[in-house]
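Engineer: Quick one, fold the following:
(4 chains)
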Number of protein chains: 2
Amino acid sequence: MSEPGLACCTPLSGTAMSAEQAEQVAPLLKALADPVRLRLVSLIASSASGEACVCDLNDAFELTQATISHHLKVLHSAGLLDRKKRGVWVYYAVRPAALRAVAGLFETAVPA
Amino acid sequence: MSEPGLACCTPLSGTAMSAEQAEQVAPLLKALADPVRLRLVSLIASSASGEACVCDLNDAFELTQATISHHLKVLHSAGLLDRKKRGVWVYYAVRPAALRAVAGLFETAVPA
DNA sequence: TCGTCATATCGACGCTTGTCAATATGATGG
DNA sequence: CCATCATATTGACAAGCGTCGATATGACGA
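Structural biologist: Numbering: from 1, shown residues only, chains lettered A, B, ... in the order given. Have a look, this model is predicted:
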């Protein structure tokens, strides 16, 4: 692993993400890194009321109800979605703070 | 899967991400959804010259050279990193366009 | 030509993930 | 109470992932 002290190129400079930061943000990205979950978040975020009923989400995909439920759980456990039960139905809403945390990652990383 | 035509809640409205869009962006997020790869991109992006030599990246982690090489390959295959060989050394640089594609996702999704 | 160094590839290993069918939970209405 | 509906959970399966040690590739200097 190149022990000798002879620089082969420009040393890494600037302030890069810390290991702890990476460990914190990666789970959020992992939760979003699935086509179905991306669409779920998008559907919920773009709904008029800011929230969506699971029954509608189920109908938007050609997947089992169990699978959608699983994906929603993943997003909820990651802190990306809020869960609210009203009567028989369950509504999920996006947590803007969580999305902003991810967005912030790229705002600082990408040089416009 | 709730066939009857009785709406239980607000129908999903607005323009959400298409399935094709989701399938396109998800691989980018998947490539970034790992603490090591996140740090790799961050290290490269924050380097003074905008690129980083693999030898330096190896030294920044307590991982095998094979593992780092694998992660760099994943990022490169996803289109997030450019690869340039100079002499014995290999340099990776971030592709701003790819990062912007991901950033755009959240700019439109997150309501400021 | 040979040895060395930097990087990539291979093969293997355990762990995680996405999906499903089946079943459980829990609220509602008759 | 009981049947029904919406959602969650369980258990199983194949596929994918992160990591490693070992080895291959390919460039350089002596």
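Engineer: What are the contacting residues of the helix or strand bottoming out on mean pLDDT in chain A?
Structural biologist: Ranking every helix and strand in chain A by mean pLDDT, DSSP states H and E puts helix A:96-109 at the bottom, with a mean of 84. With contact meaning C-beta atoms under 8 Å, 6 or more residues apart in numbering or on different chains, helix A:96-109 is reached by A:25, A:28-29, A:32, A:41, A:45, A:78-80, B:41-42, B:45, B:99-100, B:102-103, B:106-107, B:109-111. C-beta coordinates here come from the backbone N, C-alpha and C atoms, glycine included.
Engineer: So for it, what gets flagged as buried?
Structural biologist: A:98-99, A:101-103, A:105-106, A:109 (16 or more other C-beta atoms under 10 Å in any protein chain shown).
Engineer: would you list the residues you listed in JSON lines and tack on distance to DNA strand D?
Structural biologist: Formatted as JSON lines, the buried residues of helix A:96-109 follow (distance: C-beta to the nearest atom of the strand, whole Å):
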{"residue": "A:Ala98", "distance to DNA strand D": "18"}
{"residue": "A:Leu99", "distance to DNA strand D": "20"}
{"residue": "A:Ala101", "distance to DNA strand D": "20"}
{"residue": "A:Val102", "distance to DNA strand D": "17"}
{"residue": "A:Ala103", "distance to DNA strand D": "22"}
{"residue": "A:Leu105", "distance to DNA strand D": "17"}
{"residue": "A:Phe106", "distance to DNA strand D": "19"}
{"residue": "A:Ala109", "distance to DNA strand D": "19"}
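Engineer: quick one: low-confidence ranges for chain A?
Structural biologist: Along chain A, segments meeting pLDDT under 70 span A:1-14, A:108-112.
Engineer: Please repeat the previous calculation with a cut-off of 80.
Structural biologist: The model of chain A has pLDDT under 80 over residues A:1-15, A:107-112.
Engineer: Run through the strands of it in chain order.
Structural biologist: A:51-53, A:81-86, A:89-94 (DSSP state E).
Engineer: Next, format those strands as TSV and append mean neighbour count.
Structural biologist: Putting those into TSV (neighbours: other C-beta atoms under 10 Å in any protein chain shown) gives the following:
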stretch	mean neighbour count
strand A:51-53	24
strand A:81-86	14
strand A:89-94	20
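Engineer: which parts of chain A sit against DNA strand C?
Structural biologist: Applying C-beta under 7 Å from any atom of the strand, we find that chain A lies next to DNA strand C at A:2, A:4, A:8, A:30, A:33-34, A:36, A:62-67, A:70-71, A:74, A:87-88.
Engineer: Just the buried ones from those residues?
Structural biologist: Counted by 16+ other C-beta under 10 Å, the residues of chain A next to DNA strand C give A:8, A:30, A:33-34, A:36, A:71, A:74 as buried.
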